Structures are given as C-alpha cells and as structure tokens.
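Asks: got a predicted structure plus its sequence, pasted below:
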Amino acid sequence: MAETILIVDDDPDIRDILKISLSEENYEILEAEDGEQALNLVKTKTPDLVLLDYKIPKMDGRQVCNLIKQDLLLRHLPVIMVTGKGDLNDKVGGINAGADDYIVKPFEPKELLARIRMILRRTQRDLEANPLTRLPGNVSILKELFRRLESKTLFAACYLDLDKFKSYNDTYGFEHGDEVIRETARIILRTSNEVGKGTDFVGHIGGDDFVLITTPDLVDAMCQKIIDEFEKAAPSFYNETDRQKGYIIAKDRKGETRQIPLVSISIGVVTNAEHKFTHVAEINEIGAELKSAAKRLERSNYVKDKRKDTE
C-alpha cells in the first residue's frame, strides 16, 4: 500500500511542485493550506509523514508540530519542517517543537525524496504500528511478552476489549467507531503515563482490542483508573437522545433487535506473580479467558488471574 504524505503550505504553486516530485515515488498526497486544516487531516486521515512549511496561516508550523508531538497517538508521526533560506530561528523553532528533520527552500527534489525515504524507513523500523492508533501492533506485542518472559521479571499483562462496540459501530458508523477506538487508546496511554513507572508497554492488537503490560504492584490502580476514565468518556460518544436514555436500539451479536447499553470496557489481567509461564501463547490464552469472564459482569470491569503454582 502506498504511503501517504501530507503537504502543508499556503502557496498552491509550492504544493504543486511538491506533488509532482512526490508522485514519482507513488506516494499518496494530502494537501492543507493552513495549520488548522493540517491538524484536522492528521487526526482523520492518519498520514505516514507531514511535510510542514514553517510560515502558514492560522497556526504556524512550530505550533502544528508541537500539537502533533503532544498527542499520545500522533507523537510517532514524522514531521519534516520546511523553512526559508537563512531563517535560523525557524529551524531552531521547528527542532524545539519536535520536528524529525528540516529542509531549506529552495531545495533539490532529489534531496527531499532521499530525506523522506530515510525517515519513513526509520519510522517503520522503530514502530511496527497499528495504522489507526499508531500503537505497536501484534509483532511488537509478542516480542514484548517474550522479552519479559526471557528476562524473568514480574509483569501483569492486561487484555482490554470494548463491550457492545459492534452495535455502536452499526448505529453510528465506522468514523465514530474509529474515534472511540482512538479515545480508548488515549485513556490507556494517559493512565500508563500517570500511574506507571515509565516501563509499561501499550499495544493495539486490532479493532477494539488492546494490551497493556505493567507490573503486578500497579495493575489494580491502572485497571481501575482506565475503567473510571472510560466510564466518564463513554456518554460523550453518543448523541443527546441516546445519552439521556442510556442505551441504543440495535441488533446484538445474535442479530436480535434490543436495547443495547452504552459501550463499556472489559479487562483480563494475567500475571506471573504466583504462576510461572513458559511461552507467550499460554499468556494470550489465559488473557482471552479472563477478558471473557470480565465481559459477563455488569458495565466496565476487570478480572485477575487467581491461579497459583503448587510447590
């Protein structure tokens, strides 16, 4: 699949020149002429790289870059800042805002393409990511679990999944569903940053399934905070009528039309504090079982593995 590059420049002639250069490499192109439009496209179209002019209307390139890098789901998105010749302050401002590279106008198209290729390669190597949330995907999740097993450190793997999400998607559409998934990712990441010790791992299996790997001493506080934050956010996913009712009329997984409660989150927690694991598959199997058990409870909930090894 072709990689997507967002060109942000208020000069249509510059955008045309860049489009011609980039089309030679078969990149998909998105265009924005000001900072607000750029941020909107970044959040809705998830480009693979942003080519960002420093001097643009409504919000300059430094501000746009800063907001991208502050967002938990967007911070891995590479940004190349385009500055004017001799504008040292612009270069410094861009780098301080978190830009991954900069290039000075006028530039050689070959140099620009080389820089883009290099940054995209580096990003793909560093982050095998889910395209919707930019969180590490299945390969990275398996590697992280394997690493924790091999190092024999204590861990708690949380398997998170949204309840009633299919009915929500069917009623509100995939765009709204995608935003629910992105907001769920933000809640998990924010909790990890606020409660964790900086050693946690957050991954996105796919769809509405996530993994959080933390330590046994923190896992209860993390799960409870994720549940509290999600329950607080859930009503905002609905229109006023459905929010007031507290349910939607939709088909369940059996195809029967009924009252479906607001989306909630279920978490299954697997820990090696009392039980030793020999392979990752065992962790995944138990995680799936516990998550199913949590789903049978009312509203958002979490269930921990209680099994212990016998001496």
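Replies: That came through, no problem. Fair warning: this is a prediction, and the values are worked out from it, not measured in the lab.

Asks: just checking, what's the longest helix in the chain?
Replies: helix 174-195 (DSSP state H).

Asks: mind listing what's buried in that one?
Replies: Within helix 174-195, the residues that qualify as buried are 177, 180-189, 191-192, 195, counting by 16 or more other C-beta atoms under 10 Å. Placement of C-beta: from N, CA and C, glycine included.

Asks: export it as CSV, just CAs?
Replies: C-alpha atoms of helix 174-195 as CSV (Å, rounded to 0.1, in the frame of the first residue of the first chain):
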residue,chain,number,x,y,z
PHE,A,174,-17.1,3.5,11.3
GLU,A,175,-15.8,7.0,11.6
HIS,A,176,-17.4,7.5,15.0
GLY,A,177,-16.3,3.9,15.9
ASP,A,178,-12.7,4.8,14.9
GLU,A,179,-12.8,7.8,17.2
VAL,A,180,-14.0,5.7,20.1
ILE,A,181,-11.0,3.4,19.5
ARG,A,182,-8.6,6.3,19.4
GLU,A,183,-10.0,7.8,22.6
THR,A,184,-9.7,4.4,24.3
ALA,A,185,-6.0,4.3,23.2
ARG,A,186,-5.6,7.8,24.7
ILE,A,187,-7.1,6.7,28.0
ILE,A,188,-4.8,3.7,28.3
LEU,A,189,-1.7,5.7,27.4
ARG,A,190,-2.6,8.6,29.7
THR,A,191,-3.2,6.1,32.6
SER,A,192,0.1,4.4,31.8
ASN,A,193,1.9,7.8,31.9
GLU,A,194,0.2,9.0,35.1
VAL,A,195,0.3,5.7,37.1
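
Asks: name the helices or strands packed onto it?
Replies: strand 156-163, helix 165-172, strand 201-206, strand 209-214, helix 216-233 (3 or more C-beta pairs under 8 Å, 6 or more residues apart in numbering; DSSP states H and E).

Asks: format those as CSV; extra columns: distance to residue 80 and mean pLDDT.
Replies: Formatted as CSV, the helices and strands packed on helix 174-195 follow (distance: least, C-beta to C-beta, whole Å; pLDDT from 0 to 100):
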stretch, distance to residue 80, mean pLDDT
strand 156-163, 34, 96
helix 165-172, 35, 92
strand 201-206, 26, 90
strand 209-214, 30, 95
helix 216-233, 34, 97
